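Participant: with the input below, show me the fold.
(one chain, ligands or ions: 1)
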Amino acid sequence: MKRIGVITSGGDAPGTNACVRTIARRGFADGVEVFGIFDSWDGLLKGEVRKLERQDVAGIVQRAGTILRSARSTLFLKQGDAKIAMDALTRQGLEGVIAIGGNGSQTAASLLAQAGFPVVGVPKTIDNDLVGTDFSVGFFTAAEVATQALDNLRATAEAHSRVMIVETMGRDSGWIAVEAGIAGGADLVLIPEHEFTLDAICERLRTRHEVHKRNYSIVIIAEGAMDKDKKLDPRRGTKDLNARPRLGGVGTMLALEIERRLGYNARCTTLGYLQRCAAPIAVDRVLATRLSDFAFDLLLGGKSGFMAALAGRDLEAVPLELVAGKTKLVTDDYFRLAEIFG
Ligand code: F6P
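Facilitator: Okay, here's the model as predicted:
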């Protein structure tokens, strides 16, 4: 293989540029031309493809975002779309592609591989919900942002005797909330995977304040979390242009419920895109570099249809069809760790 493409799709995540840089630099070292596909799959169809030069990837390892830009593309949603993408890649003279992204992107990569085009995936999503890899690029930085928010907001919670709620991203899984909840010592961690009721939450807060005589509480909630009785329904609002529920707001709903039921002052801080736009911390830069270097080896070594993955401290190739369309949920034992300190 002498000409390959690299594409970033889905929500941006800290460390994505470190992935692009690694793939480009492996290309320079191994005599392979690496082409950047800009604006994701839609950009591919418009021919937005350009050879990456050394200056394109210089000084980007520490930068958030993606120099290739990203999008939630509608390609690959219909039967036959993989063939359209394959034709577009072939028209560009590309012999293979490395797809850096989360669930949607790895599903697209899987379809492309099934259609017969050489492709390898690199897991990148702050949500860390990709099956097959212990961690995805961007997760640790997002968890760090959330942890710092908990640490900082504790001061205001204590000063004002408030219940301070922090809402993290995490549409279908609560990895960021659990990781930050453990690291930041949250009193309550609420995630989509774990059923809860408003009665039980209020009782725990009441016990903490009335029995244990604490004047404040710290709660962390993932944006996709919903109580058993569906009083807090994060999917109740409008849809975005890709017809996905526009999340963000469940923490504020919870604050209102706590004020109404307990009479405690409650406030919510929604972290939103601050978790995605932060400069990658060292562990994400290194993870991005290792996974992308391995993905390059897989593609050039003829191992199409795999995602580069982290298993413990090791790297392994996981078949894309085992990743596509699945969600890695927070395990019970990990959630229990967050609970015992609450
Ligand atoms: O990257 C995944 C994610 O962070 C989800 O947790 C969140 O719901 C989603 O992105 C929102 O992304 P956007 O508004 O860019 O579509």
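
Participant: give me the buried positions along stretch 232-240.
Facilitator: Within stretch 232-240, the residues that count as buried by 16 or more other Cβ atoms under 10 Å are 232, 234. For the C-beta atoms, the positions are set from N, CA and C on the backbone; glycine is no exception.

Participant: contacts for it, please.
Facilitator: For stretch 232-240, the external contacting residues (Cβ atoms under 8 Å, 6 or more residues apart in numbering) are 198, 223-226, 245-250, 253-254, 257.

Participant: before we move on, what about stretch 174-186?
Facilitator: Outside of stretch 174-186, the residues that reach it under the criterion Cβ under 8 Å, 6+ apart are 126-129, 139, 142-143, 146-147, 149-151, 154, 166, 168-170, 189-194, 218-222, 224-225, 275, 330, 334-335, 337-338, 341-342.

Participant: check stretch 300-307 too.
Facilitator: 1, 4, 30, 32, 96, 106, 109-110, 113-114, 117-123, 130, 132-133, 298, 317-321, 323.

Participant: that older thread, which ones among the contacts of stretch 174-186 are found in helices?
Facilitator: Helix and strand membership here follows DSSP state H; of these, those in helices are 139, 142-143, 146-147, 149-151, 154, 334-335, 337-338.

Participant: now render those as JSON lines, adding neighbour count.
Facilitator: Written out in JSON lines, the entries for these read as follows (neighbours: other Cβ atoms under 10 Å):
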{"residue": "139", "neighbour count": "28"}
{"residue": "142", "neighbour count": "30"}
{"residue": "143", "neighbour count": "26"}
{"residue": "146", "neighbour count": "29"}
{"residue": "147", "neighbour count": "21"}
{"residue": "149", "neighbour count": "22"}
{"residue": "150", "neighbour count": "22"}
{"residue": "151", "neighbour count": "14"}
{"residue": "154", "neighbour count": "16"}
{"residue": "334", "neighbour count": "14"}
{"residue": "335", "neighbour count": "19"}
{"residue": "337", "neighbour count": "13"}
{"residue": "338", "neighbour count": "25"}
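
Participant: among the residues you listed, which one lies nearest to residue 12?
Facilitator: Ranked by distance to residue 12 (Cβ to Cβ), the ones in helices among the contacts of stretch 174-186 are led by residue 142 at 11.0 Å.

Participant: ok, now which ones touch that closest one?
Facilitator: Neighbours of residue 142 in contact, by Cβ under 8 Å, 6+ apart: 13, 14, 126, 168, 169, 176, 275, 276, 278.

Participant: please redo it, this time with the cut-off set to 7 Å
Facilitator: 126, 169, 176, 275, 276 (Cβ atoms under 7 Å, 6 or more residues apart in numbering).

Participant: which of those lies closest to residue 74?
Facilitator: Proximity to residue 74 was ranked across the contacts of residue 142 by Cβ to Cβ; first place goes to residue 276, at 20.8 Å.

Participant: out of the contacts of stretch 232-240, which touch the ligand?
Facilitator: On the criterion Cβ under 6 Å from any ligand atom, 223, 247 are the entries of the contacts of stretch 232-240 that sit beside the ligand.

Participant: in helices only, show me the contacts of stretch 232-240.
Facilitator: 198, 250, 253, 254, 257.

Participant: who's in contact with the fourth one?
Facilitator: Applying Cβ under 7 Å, 6+ apart, we find residue 254 in contact with 165, 221, 232, 268.

Participant: ok, back up a step: spatially, which two of the ones in helices among the contacts of stretch 232-240 are the most separated?
Facilitator: In the ones in helices among the contacts of stretch 232-240, two members sit farther apart than any others by Cβ to Cβ. They are 198 and 250, at 12.0 Å.

Participant: among the contacts of stretch 232-240, name the buried ones.
Facilitator: Listed as buried from the contacts of stretch 232-240 are 198, 223-226, 245, 247-250, 253-254, 257; burial here means 16+ other Cβ under 10 Å.

Participant: for the residues you listed, which one is nearest residue 61?
Facilitator: Sorting these by how near they are to residue 61, with Cβ to Cβ, puts residue 223 at the top with 29.0 Å.

Participant: check the residue in the stretch 51-200 of the chain positioned nearest to the ligand and give its pLDDT.
Facilitator: With Cβ to the nearest ligand atom as the measure, residue 169 is the residue of the stretch 51-200 of the chain nearest to the ligand, at 3.5 Å. Confidence per residue is given as pLDDT, and for residue 169 that number is 98.
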